[in-house]
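**Q** Prediction below, plus the sequence it came from.
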Amino acid sequence: GNSVTQMEGPVTLSEEAFLTINCTYTATGYPSLFWYVQYPGEGLQLLLKATKADDKGSNKGFEATYRKETTSFHLEKGSVQVSDSAVYFCAQLTTDSWGKLQFGAGTQVVVTP
Amino acid sequence: EAQVTQNPRYLITVTGKKLTVTCSQNMNHEYMSWYRQDPGLGLRQIYYSMNVEVTDKGDVPEGYKVSRKEKRNFPLILESPSPNQTSLYFCASSPQGGLRNQPQHFGDGTRLSIL
């Protein structure tokens, strides 16, 4: 069946370090892919999205590229800040899902000064 | 401001006492949905609604009810809450469900504790 798998956390980094969070998906057809971010005590905010193969989503210095050949959508940021500390969720929307977002388990990122 | 509003934000209650979590959106979205978030499991869909008077089960509907009498509101009802329903709940909406380029907008969450 359809699923989203992302790396477990927590991921602890120093400020200005490079961040990568791996995400792979299993789906029939070609899903739309999303990264959502949840800051402490807040709801989910859309960080970026990609709707077809080779699309690159980007926002706030974060990037992710839709890779059909590896069924992946890894999130990257070149230089993290303390304010990037949050839980990051990878999600997919498949054509047969009636609008249901299917989420990975979430990855907590902690950035220290 | 475009938003999805949930109430209450926090609730501690006891087993068996009926409760309702309200959700309202001001974006005229047709699609609305409820998710629960549990550690290590991400978010899982409870119920969804494609439009007024059209609702259907998600992945974990047991113990929950919903209604969609108006486009803007989509309350989540726990008729007889149990401790395994202790969780963080999110309401979400999008212009139309299922379209690939329409991300969902989420509320700030409701943390329920059932003792």
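**A** Happy to help now that I have it.
**Q** Show me the beta-bridge partners of B:Gln6.
**A** Beta bridges link B:Gln6 to B:Cys23 when assigned by DSSP bridges.
**Q** Which pLDDT value belongs to it?
**A** Listed pLDDT for B:Gln6 reads 96.
**Q** Give the burial count for it, as a bare number.
**A** Per other Cβ atoms under 10 Å in any protein chain shown, the neighbour tally for B:Gln6 reads 21. Any C-beta I mention is one placed from the backbone N, CA and C, and that applies to glycine too.
**Q** is any part of the helix or strand bottoming out on mean pLDDT in chain A close to chain B?
**A** Least confident helix or strand, chain A: strand A:101-103 with a mean of 91, by mean pLDDT, DSSP states H and E. Yes - counting by Cβ under 8 Å from any Cβ of the partner chain, chain B has neighbours in strand A:101-103: A:Leu101, A:Phe103.
**Q** Near chain A, which residues of chain B? Just list them.
**A** B:31, B:33, B:35, B:40-45, B:48, B:50, B:56, B:58-59, B:90, B:92, B:94, B:96-98, B:100-101, B:103-109.
**Q** Buried ones among those?
**A** Among the residues of chain B next to chain A, those classed as buried by 16 or more other Cβ atoms under 10 Å in any protein chain shown are B:31, B:33, B:35, B:42-45, B:48, B:50, B:58, B:90, B:92, B:94, B:97-98, B:103-109.
**Q** Low-confidence regions, chain B specifically.
**A** Applying pLDDT under 70 to chain B picks out residues B:97-101.
**Q** and chain A, which of its residues are near chain B?
**A** Applying Cβ under 8 Å from any Cβ, we find that chain A lies next to chain B at A:4, A:31-32, A:34, A:36, A:42-46, A:49, A:51, A:89, A:91, A:93, A:95, A:97-101, A:103-106.
**Q** Out of the residues you listed, list just those in strands.
**A** Among the residues of chain A next to chain B, the members found in strands (DSSP state E) are A:4, A:32, A:34, A:36, A:44-46, A:49, A:89, A:91, A:93, A:101, A:103.
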